[in-house]
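K.L.:
Pasted the sequence and its predicted model underneath.
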Amino acid sequence: MIRIGMPIMRRSLWSISFFILLLFTLSAHSVVAEDALGKKPTLLRIAGWDVYADPINRGKTIGYKSAERQLGITIEFTPLSHLDEIIDAAESNNDYDILIISNEGIKILGGMGLISPLSLSQIPNYQDLHHSLRYTEWGQIESKTYAVPWAWGPTGLLYDTTQTEEPESWNILWDERFSGQISLWNDVSLIWITALSLGYDNVYNLTRFQLDNVRNKLLNLNQRIFRYYDGEVDAIDSIINGEAVLLNSWFDPSARLLKHKRNFRMAIPKEGAVGMFDSYLISRNSRQNEIAHRFINHQLSPIIQREMVQITGLAPANNETMALLSADEIHALHLGETDYFNRMILWDVMPRKQLYEELLSEIRSDFQARKSSLSIKK
């Protein structure tokens, strides 16, 4: 029995020894790996316009996969739908590292002392930006650069190509044929486009008389509109669900909608369109200044800019991206038209913002009252 049991005991002892050795080896490897890689990947916290959220993982931003891999970081993205929300995020205690805001918000954050000046030597891709976006006065404060443009485009008119030809005027929104099929962004921009429909181009500084005319026209539109959408997801859902034929939009999801068998295009009506460019800014509270610069440079690379174009339908800030785009994409984005950018009425600060907010509140209240009244009648 002893001779038979000894080999079994030896095998058991050998197995235990091997298991202990394996654990030791794995532990040693972990220590080496930790020494080689250091602590956990740096967390880079970003807040900005919701259109820049990754379509699959909205807690991340466009380009996050290669950024996390190449820079050894973890990205956390907070998608927001309104300028005031981004400003609130910037002055919150959430310690965001990077903010993505439209051009009119740069001076606001700068005036509040919430952003840090940038070192362009750490962002070499900056020199390849569109000529209207390099060293723009919007991003300069006291001769220092605070913003790096990343995307731009008009706030145009999205329309269902199966329901109407390309609209010539913003006034198509008041066409009875589309009653109940119109959705507008729940934002001050609905005042701007209504002003354009009336022939006013001083959209950011309307007189009281002009605002009264805008009010009357929007109250009339409330009879035909079915929803004021809150953000990118809401807008796309209303199209996919077959509810919207006409929308105003600061981004163009046409390419993404094709897989849902929805055929939409973006039009710039004859009255013109307001427009914007969105930029990266580094928060004053950021403790990741160096990695934030590297991330911004990564996002400006042509390959990531192409990804942004294909997801948002917005134009790239980096001119070198054109080499990666198709002729159709270049045509749709007007990238071959040297003066197109300058034809947009760029979003701007409104000197009498309170009048716009009062009007916006009145329009929303009227819409809700109409909606409630219809529900009661049903």
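P.N.:
Yep, it's here.
K.L.:
so after the longest strand seen in the chain, what's the next helix or strand?
P.N.:
For the chain, the strand with the greatest residue count under DSSP state E is strand 274-283. Where DSSP states H and E defines the elements, the next helix or strand beyond strand 274-283 is helix 289-299.
K.L.:
Could I get the average pLDDT for that next one?
P.N.:
Taken as a whole, helix 289-299 carries a mean pLDDT of 98.
K.L.:
just stretch 174-194 next, same as before
P.N.:
The average of the pLDDT scores along stretch 174-194 is 96.
K.L.:
Name the residues of that stretch that come out as buried.
P.N.:
174, 178, 181-194 (16 or more other Cβ atoms under 10 Å). For glycine as for every other residue, the C-beta is placed from the backbone atoms N, C-alpha and C.
K.L.:
same thing with stretch 230-242?
P.N.:
Here stretch 230-242 shows Gly231, Glu232, Val233, Asp234, Ala235, Ile236, Ser238, Ile239, Ile240 as buried, counting by 16+ other Cβ under 10 Å.
K.L.:
One more: stretch 84-104?
P.N.:
Quick answer for stretch 84-104 (16+ other Cβ under 10 Å): 85-87, 89-90, 96-104.
K.L.:
thinking again about what came up before, from the buried residues of stretch 174-194, which single one is nearest Lys353?
P.N.:
Each of the buried residues of stretch 174-194 was checked against Lys353 using Cβ to Cβ; the closest is Val188, at 8.1 Å.
K.L.:
which element is the residue lying closest to Leu324 once chain neighbours are set aside on?
P.N.:
Spatially, and ignoring its direct neighbours in sequence, Leu324 is nearest to Arg306 (4.5 Å; Cβ to Cβ, 6 or more residues apart in numbering). Per DSSP H and E: Arg306 is located in helix 302-312.
K.L.:
Show me what the helix or strand following that helix is packed against.
P.N.:
Along the chain past helix 302-312, the next helix or strand (assigned with DSSP H and E) turns out to be strand 315-316. In terms of contacts (3 or more Cβ pairs under 8 Å, 6 or more residues apart in numbering; DSSP states H and E), strand 315-316 is packed against strand 148-154, helix 302-312.
K.L.:
What strands line up against strand 315-316, and which way round?
P.N.:
Applying DSSP bridges, strand 315-316 is found paired with strand 148-154 (antiparallel).
K.L.:
about what we covered before: quick one: mark the members of the buried residues of stretch 174-194 that sit in strands.
P.N.:
Ile182, Ser183, Leu184, Trp185.
K.L.:
how close does the first one sit to Asp97?
P.N.:
With the distance defined as Cβ to Cβ, to the nearest Å, Ile182 ends up 39 Å from Asp97.
K.L.:
Likewise for the second one?
P.N.:
Relative to Asp97, Ser183 is positioned 34 Å away (criterion: Cβ to Cβ).
K.L.:
cool, the last one as well?
P.N.:
Counting by Cβ to Cβ, the gap between Trp185 and Asp97 amounts to 28 Å.
K.L.:
Now do Arg256 against Phe209, distance only.
P.N.:
Distance check for Arg256 against Phe209: by Cβ to Cβ, it reads 41 Å.
K.L.:
out of these two, which sits in the busier spot?
P.N.:
Arg256 (18 against 8; other Cβ atoms under 10 Å).
K.L.:
For that one, what is the enclosing helix or strand?
P.N.:
Going by DSSP H and E, Arg256 is in helix 254-257.
K.L.:
what's in contact with that helix?
P.N.:
Pro55, Leu158, Ile236, Ile239, Ile240, Asn263, Phe264, Arg265, Met266, Gln310, Ile311, Gly313 (Cβ atoms under 8 Å, 6 or more residues apart in numbering).
K.L.:
How confident was the prediction at the fourth one?
P.N.:
What that stands for is Ile239. pLDDT recorded at Ile239 is 96.
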